[in-house]
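Undergrad: A predicted structure for the sequence below; I have some questions about it.
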Amino acid sequence: MIVSRYLTREILLTMSAVAGVLLLVIMGSRFIRYFTDAAQGELPLSALGTLMLFHMPSFLELVLPLSFFLAILLAYGQLYLNSEITVLVACGISPNRLLQVTLLPAALIAVLVGLCSLWLTPAGAAHNERLIDEQQSQLDFSLLTPGRFQDFGNDRTAYTQSLNDDRSRMQNVFISERQTGGNGSPQQVVTRAEGGYQTTDPDTGSRYLVLENGQRYSVEPGSPVAERLKFGSYGVRLATDDTGEVDVDSELMSTPELIADGDDESMAQLQWRISMPLMIPILTLLALPLARVNPRQGRFAKLLPAIFLHISYLSLLLAAQDAIARGSLPPSIGMWPIHLVYLALGLFLIRRDQARGGR
């Protein structure tokens, strides 16, 4: 029991360190991408934390299998270098017992990865997709940066000189947008006002930007005629409070929805989600014999071949997912042969390792 706790602690501590480094790299890359969008006015800064939080399950889904695989290689490699595994074997801890002890944390990590891949990752991806769509389709004070011209899509550019402290009112507003005139020809409409505020119609859910004390100019390209409208109060319709159905891909669908849908793309995504936790015990079988190193070789002797082995495993799964989604590979065959091949390889390496080291 003491040996089991010791080995499990060594694996989990090493895995935590490796996973922390990998998470910093992945999260940093994603954060820079979101921060760039926020700097361009496509996302509010206040939404960055929420987006990163809901992306965390997808990060863990990819990082944990690799981290656990590397943790076994590094932790057991160090134990081999210190001759601790040799002492354990001499005390009656057989390689089979060592495998059983290692499979305990592997089962824990597999459950955690399965929770992420089957439930948390699609839920978080769907939430982030809705949030980004809402922010990019609506002109909102939370997106406006005073003193900058910002593009809000739909051929609309807005500018405000300043916002008050609670961001409820704008001063010196400029809006340029392209519209269709009464005769069907495109028109460029420019509106400027001394101030403005946002309101929502409680009956229709439509959102309006109410501008005060300004002028509105409508110009048809190529025409010498322009229309000028002076107003004391003018409402610009921004968007409706539309929370209806949106087109989603298989990555945003929940696992029950994938099962109910049943098409090739859904089956490809479903098998990918199942493959993530299924990789953990197979990678454990591969890592244990690869962790055995000669003290003269060093603990990193087999690290590079092991990483290439993991990359080949993951790459084949991605290729199979793409083939299933395109319909060139039947879902009934799917990714299962790949898992069987690496499972057989792991069992072969385990048996060879036992034959060399004895039971």
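TA: Received, thanks. Numbers count the residues shown, from 1 in each chain.

Undergrad: what about the helices in the stretch 251-359 of the chain?
TA: With helices called from DSSP state H, counting those that start in this stretch, the stretch 251-359 of the chain shows them at 255-261, 264-291, 303-326, 336-357.

Undergrad: from these, which stretch is densest packed?
TA: helix 264-291 (a mean of 22; mean count of other CB atoms under 10 Å). C-beta: built from backbone N, CA, C; applies to glycine.

Undergrad: How far off centre is that helix?
TA: Between the centre of helix 264-291 and the centre of its chain there are 18 Å (CA atoms, centre = their mean, to the nearest Å).

Undergrad: Give me the packing partners of that helix, helices and strands only.
TA: Applying 3 or more CB pairs under 8 Å, 6 or more residues apart in numbering; DSSP states H and E, we find helix 264-291 packed against helix 48-81, helix 95-115, helix 255-261, helix 303-326, helix 336-357.

Undergrad: Just put those in a markdown table and tack on distance to residue 6 and mean pLDDT.
TA: Output for the helices and strands packed on helix 264-291, formatted as a markdown table (distance: least, CB to CB, whole Å; pLDDT from 0 to 100):
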| stretch | distance to residue 6 | mean pLDDT |
| --- | --- | --- |
| helix 48-81 | 10 | 91 |
| helix 95-115 | 9 | 92 |
| helix 255-261 | 37 | 92 |
| helix 303-326 | 22 | 93 |
| helix 336-357 | 20 | 89 |
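
Undergrad: Those: which one's closest to residue 163?
TA: If you check each of the helices and strands packed on helix 264-291 against residue 163 by CB to CB, helix 48-81 wins as the nearest, at 19.3 Å.

Undergrad: which other helices and strands contact the closest one?
TA: Against helix 48-81 (3+ CB pairs under 8 Å, 6+ apart) you get helix 2-39, helix 84-90, helix 95-115, helix 121-137, helix 264-291, helix 303-326.

Undergrad: rerun that using 7 Å as the cut-off
TA: Identification of packing neighbours for helix 48-81 by 3 or more CB pairs under 7 Å, 6 or more residues apart in numbering; DSSP states H and E yields helix 2-39, helix 95-115, helix 121-137, helix 264-291, helix 303-326.

Undergrad: before we move on, the earlier item: can you tell me which of the helices and strands packed on helix 264-291 comes nearest to residue 172?
TA: Proximity to residue 172, assessed across the helices and strands packed on helix 264-291 by CB to CB, is greatest for helix 48-81 (27.8 Å).

Undergrad: List the buried residues for the closest one?
TA: Going by neighbour count (16 or more other CB atoms under 10 Å), the buried part of helix 48-81 is 51, 54-55, 57-81.

Undergrad: and it, how far out from the chain's middle?
TA: For helix 48-81, the gap between its own C-alpha mean and the chain's C-alpha mean amounts to 15 Å (CA atoms, centre = their mean).

Undergrad: now the angle between helix 2-39 and it, please.
TA: Compare the direction of helix 48-81 with that of helix 2-39 by axes from the mean of the first three to the mean of the last three CA atoms, to 10 degrees and you get 150 degrees.

Undergrad: Helix 95-115 and helix 48-81, what's the angle between them?
TA: For helix 48-81 against helix 95-115, the angle between stretch directions is 170 degrees (the same axes, to 10 degrees).

Undergrad: quick revisit: please produce a markdown table containing the helices and strands packed on helix 48-81, extended by distance to residue 148.
TA: As requested, those are exported to a markdown table (distance: least, CB to CB, whole Å):
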| stretch | distance to residue 148 |
| --- | --- |
| helix 2-39 | 10 |
| helix 95-115 | 42 |
| helix 121-137 | 16 |
| helix 264-291 | 39 |
| helix 303-326 | 40 |
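
Undergrad: Can you give me the neighbour number for the residue nearest to residue 56 when sequence neighbours are not counted?
TA: Spatial nearest neighbour of residue 56, excluding adjacent residues (CB to CB, 6 or more residues apart in numbering): residue 124 at 7.3 Å. The number of residues packed near residue 124 is 20, by other CB atoms under 10 Å.
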